[in-house]
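> give me a model of this one.
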Amino acid sequence: MTDKDWQQRLDALWAEFDQHEPDDFVGKIESLTAGLPPGDAVALFERASANDSVGREQQAAPLYRQALAAGLAGQLRRRATIQLASTLRNLGQADESIALLTAEQQAGSDELDDAVTAFLALSLVDTGREREAVALALTALARHLPRYNRSLAGYAGALIQ
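Below is the predicted model:
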């Protein structure tokens, strides 16, 4: 099977996520990734994502960490960081989530910037930093509005002064 075939099978499986029972879905991801070398970063990431998606955060967190340690690169690395941070927040580890996402904001910029900001805002709320969370969310939102961008960004900044 080529990399393209494997990716198509993976994409098709994720597209059908809602049609599977949790154990069945995780099992299918496990089967699909079993053909990759042991310790493969992408396989670890997909296994983490599957467990996370069915509500098994305890199983997902170490797999995300292993995927990152194994050298997951590019956008998958960024997705793994976001997903790990969200998982940690759900496990009551919002401070670590904040640390990961704050570092991720400095790691570069791409189409996932607003996702980083959104999950950071959720983690900030969990630690009692609601004003900072609202300011971040409004600043991210301001970039997408057809009007009032400057005003909204200014008001967002004033929330944390």
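> centre of the chain to stretch 110-123, how far?
9 Å (CA atoms, centre = their mean, to the nearest Å).
> what mean pLDDT does that stretch have?
Taken as a whole, stretch 110-123 carries a mean pLDDT of 96.
> who's in contact with that stretch?
Residues outside stretch 110-123 that contact it (CB atoms under 8 Å, 6 or more residues apart in numbering) are 75, 78-79, 82, 85-86, 89, 94, 97-98, 101-102, 104-105, 133-134, 136-137, 139-140, 143. C-beta here means a position set from N, CA and C on the backbone, and glycine is covered the same way.
> can you map out the helices along the chain?
Using DSSP state H, the helices of the chain run over residues 3-15, 22-33, 41-53, 57-69, 74-90, 94-106, 113-126, 130-142, 149-159.
> CSV for those helices, including mean neighbour count?
Output for the helices of the chain, formatted as CSV (neighbours: other CB atoms under 10 Å):
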stretch, mean neighbour count
helix 3-15, 12
helix 22-33, 15
helix 41-53, 22
helix 57-69, 19
helix 74-90, 20
helix 94-106, 17
helix 113-126, 20
helix 130-142, 18
helix 149-159, 14
